[in-house]
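[1] Build me a model from this:
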Amino acid sequence: MNEVFLAAFALQWVAIAGLALMMVGLLRQVGLLHERLGPVGALTLSGGAKVGETAPMFELPSLTGDAVRIGGIAADSRSTLVFFLSPTCPVCKSMLPVLLSVAKENVATTRLVFASDGDEAAQMKMIVQQKLGDHPFVLSTDLGRAHGVGKLPYAVLLGADGRVASKGLVNNREHVESLFEAERTGIASIQDYMARREASAATTGAAQ
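    Numbers count the residues shown, from 1 in each chain. The predicted structure is shown next:
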């Protein structure tokens with residue numbers, strides 16, 4: 001009886017050890033996959049002012065207050081995060097709490113400006129329903145064209161010097177935060193990151 005018990009006990013520990021080895025293998029594979037994928041940031045569309053270029057300056061009336069200047073040298077030394085949206089875009093509306101939260105966290109260094117076009121009454125309804133009145137809200141087709149906005153929701157981060165620091169499609173908080181990370185690191189987008197990585201790998205391979 002004792003021999004049977006000991007055999008079962010030994011088999012149990014063998015099974016546990018096997019599971020532990022499997023977990024280590026899985027964690028290693030996940031780590032390798034994460035390394036291959038790299039960071040997931042906002043996807044930049046072609047067109048409009050490129051990252052690093054001086055953006056066109058616009059002086060536009062705001063639906064929530066006085067006229068607002070977008071672009072150019074910032075008088076308060078803050079960056080400007082322009083969020084392009086539409087009342088008919090469900091994803092845009094789902095992103096609004098994220099944008100308001102990010103704006104609150106970065107109020108000392110960044111101002112948030114909402115940008116759209118189309119029916120003013122529909123925009124005003126959204127402003128009231130989503131409680132956007134504390135931030136400038138402009139209507140301008142030309143502004144969207146200047147930044148190559150072809151899909152929504154889209155965001156452009158302009159530095160205090162008036163240059164485009166980063167831009168891209170933003171569907172979640174990680175995408176929004178990646179715009180600030182791009183400004184900090186000097187890597188414009190996920191495409192830029194992958195291009196630099198491939199170039200580095202090619203250089204390393206050639207050296208070997």
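
[2] quick one: the strands in this protein?
    58-62, 65-70, 79-84, 110-116, 137-139, 154-158, 164-169 (DSSP state E).

[3] between the longest one and strand 79-84, how many degrees?
    This means strand 110-116. 20 degrees (axes from the mean of the first three to the mean of the last three C-alpha atoms, to 10 degrees).

[4] Parallel or antiparallel, which strands does strand 110-116 pair with?
    Applying DSSP bridges to the sheet, strand 110-116 is found paired with strand 79-84 (parallel), strand 137-139 (parallel).

[5] Out of the strands of the chain, which gets nearest to residue 50?
    strand 164-169 (6.6 Å; C-beta to C-beta). Any C-beta I mention is one placed from the backbone N, CA and C, and that applies to glycine too.

[6] Take the closest one, keep the C-alpha atoms, and write them as CSV.
    Only the C-alpha atoms of strand 164-169 are listed here, as CSV (Å, rounded to 0.1, in the frame of the first residue of the first chain):
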residue,chain,number,x,y,z
VAL,A,164,4.3,68.1,-36.0
ALA,A,165,5.6,66.0,-33.2
SER,A,166,3.5,62.9,-33.9
LYS,A,167,0.2,61.9,-35.5
GLY,A,168,-1.9,58.8,-36.2
LEU,A,169,-5.1,56.9,-35.9
